[in-house]
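**Student:** sequence below, structure please.
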Amino acid sequence: MVLNALKANESSTRLQAALAAGTRADPELLEALVERCAVEPDFFVRDMLTWALTRLPPGLTVPRLVAELRSPIAQARSQALHTLSKVGDQDAWPAVTRSLLRDADDEVARAAWRAAVELAPEGEREGLAVELATQLGRGDRNVKLSLSRAIVALGFEEALQAGLASADPQVQAHARATETLLRDPEAGFDAAVAEATRVVALGPDRC
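**Tutor:** The predicted structure is shown next:
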């Protein structure tokens, strides 16, 4: 019954099915839940599917989610990364590869950044910050905000040095805005970007 309801036309029915799956926490539903994550169009249903997966034993879910990271379907990869970040099992850390952190699909990359911050062991976090900083200047406001938040969460200001010295004004402004947030977490992102863009355009000596 749950399996059929996960494919129902009505999103409310699918939401209730995902809730029921999580309440039951039946390992036999693992495959159906993972498969549905790859194609589910509704955000709230996807979130409930993730919750249902976190209710299952990590020893079962983590290997299956890691396998999903190789899917050609972007949503499958992004949702698997999101769920791994919620499970929080550091055994999954090696699966968050550089190719995922640089994935051409912005939603996959954003999910990879969040998962990496959650899963990276202490000794890997500075290197992760340097890797994330290679993506400075990428994407629209939401993508830039996600990247800045990830770098701020790691806390290594020195990772921004290459970006601050970049000849690309988009990269340099994003690096400056992220530096502002690192120094003052209460600063607003949009205001930080606006100020950083102004500084880059005029030059620091004229500000």
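
**Student:** only C-alpha atoms from now on, for both contacts and neighbour counts.
**Tutor:** Noted.

**Student:** can you pull the pLDDT of residue 192?
**Tutor:** We have a pLDDT of 84 for residue 192.

**Student:** quick one: the helices in the protein?
**Tutor:** Taking DSSP state H to define them, one finds helices in the chain at 2-5, 11-24, 30-37, 43-54, 58-68, 74-87, 98-101, 106-119, 125-133, 141-154, 161-164, 169-183, 189-202.

**Student:** can you list these in TSV and add mean neighbour count?
**Tutor:** Shown next, in TSV, are those (neighbours: other C-alpha atoms under 10 Å):
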stretch	mean neighbour count
helix 2-5	15
helix 11-24	19
helix 30-37	18
helix 43-54	21
helix 58-68	17
helix 74-87	25
helix 98-101	17
helix 106-119	23
helix 125-133	20
helix 141-154	20
helix 161-164	19
helix 169-183	23
helix 189-202	17
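
**Student:** which of these comes out lowest on mean pLDDT?
**Tutor:** Lowest mean pLDDT within the helices of the chain: helix 189-202, at a mean of 82.

**Student:** list the helices and strands that one packs on?
**Tutor:** helix 169-183 (3 or more C-alpha pairs under 8 Å, 6 or more residues apart in numbering; DSSP states H and E).

**Student:** can you give me the angle the helix it packs on makes with helix 189-202?
**Tutor:** 130 degrees (axes from the mean of the first three to the mean of the last three C-alpha atoms, to 10 degrees).

**Student:** can you give me the offset of helix 169-183 from its chain's centre?
**Tutor:** 19 Å (C-alpha atoms, centre = their mean, to the nearest Å).

**Student:** helices and strands around it, which ones?
**Tutor:** Contacting helix 169-183 under the criterion 3+ C-alpha pairs under 8 Å, 6+ apart are the following elements: helix 141-154, helix 161-164, helix 189-202.

**Student:** now it and helix 141-154, what's the angle there?
**Tutor:** Helix 169-183 and helix 141-154 are oriented at 40 degrees to each other (the same axes, to 10 degrees).

**Student:** which residues are in contact with residue 113?
**Tutor:** By C-alpha atoms under 8 Å, 6 or more residues apart in numbering, the contact list for residue 113 reads 101, 132, 146-147, 150.

**Student:** go with 10 Å
**Tutor:** Residues near residue 113 by C-alpha atoms under 10 Å, 6 or more residues apart in numbering: 81-82, 85, 96, 100-102, 107, 128-129, 132, 146-151.

**Student:** so which residue is smack in the middle of this protein?
**Tutor:** residue 111 (2.0 Å; C-alpha atoms, centre = their mean).

**Student:** look up how far residue 117 lies from that residue.
**Tutor:** Remark: distance between residue 111 and residue 117 (C-alpha to C-alpha, to the nearest Å) = 10 Å.

**Student:** shared neighbours of the two, anything?
**Tutor:** Common contacts of residue 111 and residue 117 (C-alpha under 10 Å, 6+ apart): residue 85.

**Student:** can you redo the helices and strands packed on helix 169-183 as TSV with distance to residue 183?
**Tutor:** Conversion of the helices and strands packed on helix 169-183 to TSV gives the following (distance: least, C-alpha to C-alpha, whole Å):
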stretch	distance to residue 183
helix 141-154	9
helix 161-164	14
helix 189-202	11
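
**Student:** how about these, which one is nearest residue 90?
**Tutor:** With C-alpha to C-alpha as the measure, helix 141-154 is the member of these nearest residue 90 (15.9 Å).
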